[in-house]
Every structure is written in structure tokens, then in C-alpha cells.
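Novice: Here is my input; please provide its structure:
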Amino acid sequence: MDALLDARELGRLKWRCRRGLLENDLFVERFFREHEETITTRQAAGLAALMDLPDNDLLDLLLARTEPHGELDRPEVHEVLALMRRPRPTDD
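Specialist: Numbering: from 1, shown residues only. The predicted model follows:
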């Protein structure tokens, strides 16, 4: 099993994930709100790879307009994208 991030690593990751495009921030904030307690080092590596992208390229991935290719076509990136793309739960 992959190790969970400790508080310091989580704080660094959150800082690294700050974006300039509001739409991306909404996806990232929801991801942390829903998964903060269970983020693994593998998922952190996938998320860090996504954060290396320009904002518009990241948004295209988050909205499933494109799929990871080249260097990004890795299991940890696909795993994080799947978590970030999940629809919001409804308040029924």
C-alpha cells in the first residue's frame, strides 16, 4: 500500500496546487475537501504532474476534453484525474 502524505507534505502539495484559473481552483479545492485525509504519495505525484500544465491544458483534462498523453499518460495521473472528474454528490 502507498504511504499517506503527512501534514507537512500535504501543506506543500496544497500550496503547489494554487491556480490562476478559477475553474481549476474549484476542481482542486473539491479534490482536497473530499480526499485530503487519504491522499497517497502516488496520488500526490500524479497531482504534481498535472500542476505542471498551463491552466487551459489542465482545464481541458479536468473537463475530459482531452486525455493524458505523452509524459502524462501514467497510472497515477489517470487515478487523480478520475477522482477530480467525479461529479459532485447531490444534496437529495
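
Novice: how many neighbours does the nearest residue to residue 76 once chain neighbours are set aside have?
Specialist: Using CB to CB, 6 or more residues apart in numbering and skipping residues adjacent in sequence, the residue nearest residue 76 is residue 46, 3.4 Å away. C-beta coordinates here come from the backbone N, C-alpha and C atoms, glycine included. By other CB atoms under 10 Å, the residues close to residue 46 number 25.

Novice: what's the answer for residue 41, then?
Specialist: By other CB under 10 Å, the residues close to residue 41 number 15.

Novice: Repeat that for residue 42.
Specialist: Residue 42 has 16 nearby residues by other CB under 10 Å.

Novice: how about it, secondary structure?
Specialist: Following DSSP: H, G, I helix; E, B strand; the rest coil, we place residue 42 in the helix state.

Novice: contacting residues for residue 72?
Specialist: 49-50, 53 (CB atoms under 8 Å, 6 or more residues apart in numbering).

Novice: name the helices or strands packed onto the lengthiest helix in the chain?
Specialist: Scanning the chain for the helix with the most residues, using DSSP state H, yields helix 22-35. Helix 22-35 is packed against helix 55-62, helix 75-85, with contacts defined by 3 or more CB pairs under 8 Å, 6 or more residues apart in numbering; DSSP states H and E.

Novice: let's go with 10 Å and repeat that
Specialist: Judged by 3 or more CB pairs under 10 Å, 6 or more residues apart in numbering; DSSP states H and E, the packing partners of helix 22-35 are helix 7-16, helix 41-51, helix 55-62, helix 75-85.
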